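>>> Predicted model follows, preceded by the sequence.
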Amino acid sequence: MQAVKEKLQDISAMRKAKAEAKAQEKAEKELAKARMEIAHEARLAREAEAKMGLHVAKAGMKAERETAKHGLSSSNLHDDNAINSLPDVTSPSPPTTTPSTI
């Protein structure tokens, strides 16, 4: 009778150890999957940033080509007086409400 009891306890202990190992493995797999997803998103972000840089460079080259074509100098494009003469546009502050006393 004692041998059967010990065998059942051993089986129970093995099941518990197996379940814990399985749970730990599952957690490690989820962590690895999350790291892979983060690496993927980081790669996509770097690629998008590189594409954006290329588009900015292309736009700059086109702008230079157009200014050269029309005979405009860079000083005409960056006229500080024209920028400073723009009206100051600020967004109005939201109306404040005061609690009324009843």
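Cool, the structure landed. Numbers count the residues shown, from 1 in each chain.
>>> alpha carbons only for contacts and neighbour counts from here, please
OK.
>>> could you point out where the protein is predicted with low confidence?
In the predicted model of the chain, residues 72-102 satisfy pLDDT under 70.
>>> how about the helices in it?
Taking DSSP state H as the criterion, the chain carries its helices at 2-70, 74-77, 80-84.
>>> Switch the ones you listed over to a markdown table; also include mean neighbour count.
Compiled in a markdown table, the helices of the chain are given as follows (neighbours: other C-alpha atoms under 10 Å):
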| stretch | mean neighbour count |
| --- | --- |
| helix 2-70 | 12 |
| helix 74-77 | 10 |
| helix 80-84 | 9 |
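>>> how close does residue 43 get to residue 34?
Using C-alpha to C-alpha, to the nearest Å, we find residue 43 at a distance of 14 Å from residue 34.
>>> my bad, residue 4
Where residue 34 is concerned, residue 4 sits at a distance of 45 Å (C-alpha to C-alpha).
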